[in-house]
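[1] No sequence on hand, only this structure:
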């Protein structure tokens, strides 16, 4: 793990790698939110960041790594004065986000799949799925 001091206004960069368990995911979320608060992110934006992180990391835990504690989750984030950039990668086989039904369409309202993706896209400035679909890159531009 590397980091720089946010009080010097240089970007903070952190790399976390941890087992696929709920306590480890929760600890990673809390760490990232503490760092975001220390970098000046206010409570209203922290709410959206928490939701996006919860969805992305839950997907990595449950769908990507199938709740297998021997598989790892990698989280890398950088917090600068204008942007928070977060990459989350699991060891799963990946997925095609275009194949996930849009849960906002009337014919899909009864299907639980896809709601997390909608939340991630709603609260982050950009969301990209990379490689085989087992790595998500989320960006939040500060207003």
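    That came in fine, so what should we check first? Quantities reported herein were computed from a predicted structural model and do not represent experimental measurements.
[2] use CA for all of it now, contacts and neighbours both
    OK.
[3] what ranges of the chain fall below the confidence cut-off?
    Applying pLDDT under 70 to the chain picks out residues 1-9, 101, 105, 108-109.
[4] ranges for the strands of it?
    12-19, 72-79, 83-89, 126-130, 135-141 (DSSP state E).
[5] If you count neighbours, what's buried in the first one?
    Residues of strand 12-19 classed as buried under the neighbour-count rule (16 or more other C-alpha atoms under 10 Å) are 12-14, 16-19.
[6] Need the outlier residue of the protein, farthest from its centre.
    Distance from the C-alpha centroid of the chain, by C-alpha atoms, centre = their mean, peaks at residue 107 (27.8 Å).
[7] Next one: residue 87 from residue 16, what distance?
    Separation of residue 87 from residue 16 (C-alpha to C-alpha, to the nearest Å): 10 Å.
[8] Now list whatever residues contact both of the two.
    74-76 (C-alpha atoms under 8 Å, 6 or more residues apart in numbering).
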